[in-house]
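**Student:** Sequence first, predicted coordinates after that:
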Amino acid sequence: MSRARRARGTVAGAVTEPPPAAVVPVARYYSLRRLSPYQGTVQVVELPGFRAMSADGITWTVQMPNEGSRFATHALWRADGSGTLVEDARTHASIEALRAHPPFPFPLADRLELWLLDDKESLPLAILASTLPRKTPPRVTHTGWQASLKGDQNFVAASYAALGVSGDSAPYVELLEQRIQDTAGATPRAQWFLRAADGSGQGLNGLDLDSAFEGRRFPSEQFPELLLREHWDNRADSYLVRDYHDWQAPKLLTHGNLTHATRDRLERAACRQAEALYRIRHLLPEVVNPDILQVAMVEAVIRRAG
């Protein structure tokens, strides 16, 4: 062999290094709240160029980038094989990530929260939006709080109605929305807060804020545990908000940061909506009253069979 060929070839006696192993992308698992209006939580599985979302832990809406690099719905995936997502070289790693998901519910990741402030003390009143933490929060353009999807009048405030408040003939959804609007004042203000693991929050920018508000910090107790402030100056407003949270109970039970007392109350309220509770059965982080929830699940199965 010539000197030139030896220079280009492998040196005699040298150990040939194996090629580097292919880097396997690590899936990210998290959940988000669907707000404005509140519609529960969604579980998310994310890989480079792939995202899947599920509201019940069973049916996953799969999204992939289109030509404009924006995610668009591509197919549906279900563990029983009844979905429309085809497993091939492009989707294999993503489907494996779906199959190997950790226990539900995934941790809430939308720690950047937009809160409507009350007019009197400038404290958090109602949550308007939430998103993944980012360097600069999104620009605030709207401060209207919605109790439900447009046209949905199914909310019935039984405890509030039992008080016999005079002059309240409007649908309960409208009564609640008006009460929140009145408490926010004629010029509603909203502020972004970055929530920490202990529930405290640091104030960022927002809409129509005093400059001194940016950077202020609140302990967890200053933020409503659920969607709206529950403690009001009069009993009627307290009952109206409590009834609303009870109406949203099945969805709220998917939150992992509830106190024992709140979860106990919401479980009892959710059992009055057996089918809605059944739909999110895989997303409950814990159960305080297993016996009554089991009764509700059986009721839901019987209704679905009928």
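**Tutor:** Arrived safely.
**Student:** Regarding the residue lying closest to Ala109 once chain neighbours are set aside, what is its secondary structure?
**Tutor:** In space, and not counting its chain neighbours, Ala109 is closest to Tyr30: 3.7 Å by C-beta to C-beta, 6 or more residues apart in numbering. From N, CA and C alone the C-beta is placed, and that goes for glycine too. For Tyr30, the assignment made with DSSP: H, G, I helix; E, B strand; the rest coil gives strand.
**Student:** Distance check, Tyr30 against Phe104.
**Tutor:** Relative to Phe104, Tyr30 is positioned 12 Å away (C-beta to C-beta, to the nearest Å).
**Student:** neighbour count winner among these two?
**Tutor:** Phe104 (19 against 16; other C-beta atoms under 10 Å).
**Student:** I figured that one hits His282, correct?
**Tutor:** Yes. With contact defined as C-beta atoms under 8 Å, Phe104 counts as touching His282 (5.2 Å).
**Student:** Need the overlap of contacts for these two.
**Tutor:** Overlap of the contact sets of Phe104 and His282 (by C-beta atoms under 8 Å, 6 or more residues apart in numbering) consists of Gly57.
**Student:** in the lengthiest helix in the chain, what's buried?
**Tutor:** Identified as the longest helix of the chain according to DSSP state H is helix 290-305. For helix 290-305, a neighbour-count test (16 or more other C-beta atoms under 10 Å) marks 293, 296, 300 as buried.
**Student:** wait, the first one sits on Cys271?
**Tutor:** Yes. In this structure Leu293 lies within contact range of Cys271 using C-beta under 8 Å: 6.6 Å.
**Student:** which residues are common contacts for the two?
**Tutor:** Leu277.
**Student:** Quick one: low-confidence residue ranges for the protein.
**Tutor:** Scanning the chain for pLDDT under 70 picks out 1-24, 67-69, 166-168.
**Student:** Can you tell me the centre-most residue of it?
**Tutor:** Arg33 (1.6 Å; C-alpha atoms, centre = their mean).
**Student:** ok, what's across the strand from that residue?
**Tutor:** Thr41 (DSSP bridges).
**Student:** Contact partners for it?
**Tutor:** 40-41, 108, 110, 130.
**Student:** circling back: who does the longest helix of the chain touch, helix- and strand-wise?
**Tutor:** On a contact count with 3 or more C-beta pairs under 8 Å, 6 or more residues apart in numbering; DSSP states H and E, helix 290-305 meets helix 260-270, helix 274-279.
**Student:** Backbone dihedrals for the nearest residue to Asp110 once chain neighbours are set aside, please?
**Tutor:** Once flanking residues are discounted, Asp110 sits nearest to Ser130: 3.8 Å by C-beta to C-beta, 6+ apart. Here is the backbone geometry of Ser130 (degrees, to the nearest 10): phi -150, psi 150.
**Student:** If I follow the layout properly, Ser130 ends up in contact with Glu113?
**Tutor:** Yes. The pair Ser130 and Glu113 qualifies as a contact (C-beta under 8 Å) at a distance of 4.8 Å.
**Student:** who are the neighbours in contact with the residue nearest to Arg281 when sequence neighbours are not counted?
**Tutor:** Leaving aside its chain neighbours, Arg281 sits nearest to Met297 (6.6 Å; criterion: C-beta to C-beta, 6+ apart). Residues in contact with Met297 (C-beta under 8 Å, 6+ apart) are 274, 277-278, 281.
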